[in-house]
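Student: after the sequence you'll find the predicted model.
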Amino acid sequence: NAGVTQTPKFQVLKTGQSMTLQCAQDMNHEYMSWYRQDPGMGLRLIHYSVGAGITDQGEVPNGYNVSRSTTEDFPLRLLSAAPSQTSVYFCASGRGGNYEQYFGPGTRLTVT
Amino acid sequence: AQSVTQLGSHVSVSEGALVLLRCNYSSSVPPYLFWYVQYPNQGLQLLLKYTSAATLVKGINGFEAEFKKSETSFHLTKPSAHMSDAAEYFCAVSHGSSNTGKLIFGQGTTLQVKP
C-alpha cells in the first residue's frame, strides 16, 4: 500500500493564480480531509469528506474548493491564490470506527 | 465546541530524562483523544489514541498518556528520552459520537533532546 499520497511536494504561485493539490489513498477509507499547518497554530481543518459525493466545510474553508468523485481521490482547489494561503497542506484519510487518521507527506505552498 | 490546549510550545530535556508534554481539552461530549508526532519535513504519525477504553494508553516508541476526565487532561509521557524523540508533537480531539474523522489540533509542542 502506498498509503496517502500528495502531489506536488512543493509549489510556488503568484497571487491570483489557481491550482489543484492532489491527494489519493489506496486504503479504501471513507473519510478524507484537508488541513493546513501554520507555525504556532497547529493544523486547521479546511474541508472534509465522509464518502464519495459528500463534502463539508471545516474551520478555514474560504478560498478553497473540494469535490470527491471517487473513494480514492480528494483534490483541493485554490481558486485565486493569496499570500495568506502560504502554508503546508496535509491530506488525511481514515476509516470510521477507530477514528485514526493517516496523513500524507504534505505540500509546501508559497504564494508571492 | 471542542478545543485543545498544549501547554508549552517548546520543551527541552536531557537524554535519559523524563518527557512530559501537556495537553488539556474541552469537549461537551465524550472525546476521543490522540497524540501525533511530526518529524522534520514529514507528515504526522499516530503515537497513541484514547477511545473510551482504558484510561492509561500505551503507544509506540515507549510513549504513554493518561486520560483524566476530572482534569480534562491527556498528558504524554516517556520515562527516558532518546535523541530520536526530537520532533513536534500534536494533541488532537475528535467528536466521540460523530463518525466524521474531524480532528481539532492543539498548537503543537516542539521537543528538544539534549545530549
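Tutor: That came through, no problem. Numbering: from 1, shown residues only, chains lettered A, B, ... in the order given.
Student: from here on, just use CA atoms for contacts and neighbour counts.
Tutor: Will do.
Student: tell me the secondary structure at B:P40.
Tutor: Put simply, B:P40 is coil when judged by DSSP: H, G, I helix; E, B strand; the rest coil.
Student: for the lowest-mean-pLDDT helix or strand in chain A, packing partners?
Tutor: Within chain A, no helix or strand scores below strand A:101-103, which has a mean of 91 by mean pLDDT, DSSP states H and E. Applying 3 or more Cα pairs under 8 Å, 6 or more residues apart in numbering or on different chains; DSSP states H and E, we find strand A:101-103 packed against strand A:87-94, strand B:44-50.
Student: TSV for those, including distance to A:I54 and mean neighbour count?
Tutor: Formatted as TSV, these follow (distance: least, Cα to Cα, whole Å; neighbours: other Cα atoms under 10 Å in any protein chain shown):
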stretch	distance to A:I54	mean neighbour count
strand A:87-94	14	26
strand B:44-50	25	21
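Student: can you add distance to A:M27 and give the ones you listed back as a markdown table?
Tutor: Converted to a markdown table, those look like this (distance: least, Cα to Cα, whole Å):
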| stretch | distance to A:M27 |
| --- | --- |
| strand A:87-94 | 8 |
| strand B:44-50 | 16 |
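Student: after the least confident helix or strand of chain A, next one along is what?
Tutor: Using DSSP states H and E, the helix or strand that directly follows strand A:101-103 along the chain is strand A:107-111.
Student: in that next one, what's buried?
Tutor: A:T107, A:R108, A:L109, A:T110, A:V111 (16 or more other Cα atoms under 10 Å in any protein chain shown).
Student: tabulate the residues you listed (TSV), appending pLDDT and distance to chain B.
Tutor: Listed next are those as TSV, based on pLDDT from 0 to 100; distance: Cα to the nearest Cα, whole Å:
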residue	pLDDT	distance to chain B
A:T107	97	10
A:R108	96	10
A:L109	97	13
A:T110	97	15
A:V111	97	19
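Student: could these go into JSON lines alongside distance to B:Q107?
Tutor: Shown next, in JSON lines, are those (distance: Cα to Cα, whole Å):
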{"residue": "A:T107", "distance to B:Q107": "19"}
{"residue": "A:R108", "distance to B:Q107": "19"}
{"residue": "A:L109", "distance to B:Q107": "20"}
{"residue": "A:T110", "distance to B:Q107": "21"}
{"residue": "A:V111", "distance to B:Q107": "23"}
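Student: out of the helices and strands packed on strand A:101-103, the one nearest A:H29 is which?
Tutor: strand A:87-94 (5.2 Å; Cα to Cα).
Student: what's the mean pLDDT across the closest one?
Tutor: What strand A:87-94 shows for mean pLDDT is 95.
Student: mind listing the strands that strand pairs with, and their directions?
Tutor: Take DSSP bridges as the rule and strand A:87-94 pairs in its sheet with strand A:31-37 (antiparallel), strand A:101-103 (antiparallel), strand A:107-111 (antiparallel).
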